[in-house]
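K.L.:
only geometry, no sequence info:
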Ligand SMILES: COc1cc2c(cc1NS(C)(=O)=O)=CC1=C(NCc3c(C)cccc3C)N=NC=21
């Protein structure tokens with residue numbers, strides 16, 4: 001038995017947590033006592049063999065702000081991807097559900113951003129590009145702990161409506177100019193997405209660019225028009241978001257120095 005292979009007989013599946021384009025996620029128990037979430041990959045949505053190869057690498061990526069991949073059940077179809085269970089679900093839903101209390105707690109919003117930045121700095125150190133960083137792909141656990149999820153999975157999606165920047169499902173609103181023009185992903189394109197994620201956090205889950213069509217967003221981003229400062233957001237925090245949206249990737253900070261800047265701001269203003 002390879003370490004990343006999980007025996008499905010050791011899994012008990014419980015209620016459904018959510019379903020996306022890649023399949024259904026259910027709560028479960030592993031080996032009787034470990035709380036897990038199990039994603040049952042809809043057939044044909046993912047290049048499974050490539051993903052299973054990748055799973056070996058992902059199980060080695062361990063950090064308090066990364067959703068831990070426990071392993072996969074790859075011996076039958078659909079394949080199961082098993083991760084740690086995060087009791088408050090997606091960050092986007094959490095922000096929207098708790099807008100009332102969160103909107104007056106800039107300190108907590110900034111702390112959530114710092115936690116995500118730490119998880120992303122770890123991926124950056126391991127030369128691992130996320131490719132789909134957004135509040136919908138972060139999860140919230142107990143004691144306001146926030147973790148980055150789904151890192152790297154975008155590479156295995158077969159649906160080119162999702163993978164090509166011209167596709168209808170491509171996350172245009174989180175993409176920098178070099179991704180829109182040349183699909184050039186890097187840790188610096190993750191930084192751009194992180195800036196949009198910060199905007200999502202400080203607006204408690206608003207949709208970036210509201211109801212603008214993808215073509216209109218592409219036009220604005222190409223012209224250098226950026227998102228407006230969220231209401232009530234400290235100027236120092238918005239200045240950091242703006243650095244993430246520098247048109248040229250080289251001018252954007254790394255996650256490593258972004259974390260130091262965010263911690264300084266949080267010590268300064270709070
Ligand atoms: C409590 O509510 C939830 C909890 C979780 C959750 C969704 C909800 N509900 S909802 C839809 O937000 O309203 C998804 C997960 C998850 N991992 C998901 C995952 C797996 C299994 C495989 C590969 C990649 C990933 C990201 N760990 N815990 C939870």
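P.N.:
Thanks, I have the structure now. Fair warning: this is a prediction, and the values are worked out from it, not measured in the lab.
K.L.:
For the host helix or strand of residue 201, which helices and strands make contact with it?
P.N.:
Residue 201 belongs to helix 187-202 when elements are defined using DSSP states H and E. Packing partners of helix 187-202 (3 or more Cβ pairs under 8 Å, 6 or more residues apart in numbering; DSSP states H and E): helix 91-97, helix 106-125, helix 177-182, helix 235-244, helix 255-269. Any C-beta I mention is one placed from the backbone N, CA and C, and that applies to glycine too.
K.L.:
which of the residues in the first one are buried?
P.N.:
Going back to what we said before, that points to helix 91-97. Within helix 91-97, the residues scored as buried using 16 or more other Cβ atoms under 10 Å are 91-95.
K.L.:
The stretch 1-150 of the chain against the ligand: which residues are in contact?
P.N.:
17-18, 25, 37-39, 67, 81, 83, 85-87, 89-90, 93, 139, 149-150 (Cβ under 6 Å from any ligand atom).
K.L.:
Can I have the buried ones of these as a ChimeraX selection?
P.N.:
Buried residues within these, by 16+ other Cβ under 10 Å, are selected in ChimeraX with:
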select :17,25,37,38,39,67,81,83,85,86,89,90,93,139,149,150
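K.L.:
which residues of the stretch 1-150 of the chain fall in strands?
P.N.:
11-20, 23-30, 34-41, 69-73, 80-84, 138-140, 146-148 (DSSP state E, counting those that start in this stretch).
K.L.:
Could you check how far the residue lying closest to residue 144 once chain neighbours are set aside is from residue 261?
P.N.:
Distance criterion Cβ to Cβ, 6 or more residues apart in numbering; nearest residue to residue 144, sequence neighbours excluded, is residue 108 at 6.5 Å. Applying Cβ to Cβ, to the nearest Å, the value for residue 108 to residue 261 is 18 Å.
K.L.:
And for residue 96?
P.N.:
From residue 96 to residue 261 the distance is 27 Å (Cβ to Cβ).
K.L.:
Next: residue 217.
P.N.:
Counting by Cβ to Cβ, the gap from residue 217 to residue 261 is 26 Å.
K.L.:
TSV for the strands of the stretch 1-150 of the chain, including mean pLDDT?
P.N.:
Converted to TSV, these look like this (pLDDT from 0 to 100):
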stretch	mean pLDDT
strand 11-20	95
strand 23-30	96
strand 34-41	96
strand 69-73	95
strand 80-84	96
strand 138-140	98
strand 146-148	98
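K.L.:
coming back round to it: ok, then the element right after the helix holding residue 201?
P.N.:
Using DSSP H and E, the helix or strand that directly follows helix 187-202 along the chain is helix 214-223.
K.L.:
Of all the residues in that next one, which ones are buried?
P.N.:
For helix 214-223, by 16+ other Cβ under 10 Å, it's 214, 217-218, 221.
K.L.:
next one: stretch 16-32
P.N.:
17, 22-30.
K.L.:
do the same with stretch 128-136
P.N.:
Counting neighbours by 16+ other Cβ under 10 Å, stretch 128-136 gives 128-136 as buried.
K.L.:
right, and out of those, which lies closest to residue 250?
P.N.:
Lowest distance from residue 250 to the buried residues of stretch 128-136 (Cβ to Cβ) belongs to residue 129, with 16.2 Å.
K.L.:
List the residues that contact the nearest residue to the closest one once chain neighbours are set aside.
P.N.:
Once flanking residues are discounted, residue 129 sits nearest to residue 185: 5.3 Å by Cβ to Cβ, 6+ apart. Contacts here follow Cβ atoms under 8 Å, 6 or more residues apart in numbering; on that basis residue 185 touches 129, 131, 179.
K.L.:
nearest to the ligand, of these?
P.N.:
Comparing those against the ligand with Cβ to the nearest ligand atom places residue 131 closest, at 13.5 Å.
K.L.:
now the closest residue in space to the closest one that isn't next to it in sequence: how far from residue 173?
P.N.:
Using Cβ to Cβ, 6+ apart and skipping the chain neighbours, the partner closest in space to residue 131 is residue 154 (4.1 Å). According to Cβ to Cβ, residue 154 and residue 173 sit 15 Å apart.
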